[in-house]
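In: Based on what follows, work out the 3D shape:
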Amino acid sequence: MCRNIKTLHNFKPPATEEEIRASALQFVRKLSGFARPSKANEPAFEQAVEQVAEAAHELLRSLVSNAPPRDRQVEAAKARARAAERYGPPASVQISDE
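Out: Coordinates of the predicted model:
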C-alpha cells in the first residue's frame, strides 16, 4: 500500500474533496508507475484519477460505523509519535559561527 494514502473514513469533519482526490491520485500513480504521465497517457491517467475519486466518494458515503468519529489532530499526534519511535526525534541543525 502506498504510504501516502491516508484513511479517510469516520473522521469529523468528514474527508474533503481535496483529500479524496489526493488519495485517488496517489493510488493511480502507484498502480500505473507514473508520477507524471506522458502527454500520450495523460487523458487515461486523469480519467482513472476521476473514476477512483468517484468510487472513493461512493465508498465513504456508504460506510457506516458504530465507533465515534476520530479527531484529525489526535490521529496526527499519534502518527508523529509512531514516527518518532521508529526514526527517532528530528535532528536539530547546528549552525557554527566559525
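In: Can you list the low-confidence ranges for the chain?
Out: 1-4, 90-98 (pLDDT under 70).
In: where do the strands sit along it?
Out: 11-12, 70-71 (DSSP state E).
In: can you put those in a markdown table and add mean neighbour count and distance to residue 82?
Out: Bear in mind the C-beta positions are built from the backbone N, C-alpha and C, glycine included. Putting those into a markdown table (neighbours: other CB atoms under 10 Å; distance: least, CB to CB, whole Å) gives the following:
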| stretch | mean neighbour count | distance to residue 82 |
| --- | --- | --- |
| strand 11-12 | 13 | 18 |
| strand 70-71 | 13 | 15 |
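In: a markdown table for the ones you listed, including distance to residue 27?
Out: Shown next, in a markdown table, are those (distance: least, CB to CB, whole Å):
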| stretch | distance to residue 27 |
| --- | --- |
| strand 11-12 | 19 |
| strand 70-71 | 21 |
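In: so which of those gets nearest residue 55?
Out: strand 11-12 (18.6 Å; CB to CB).
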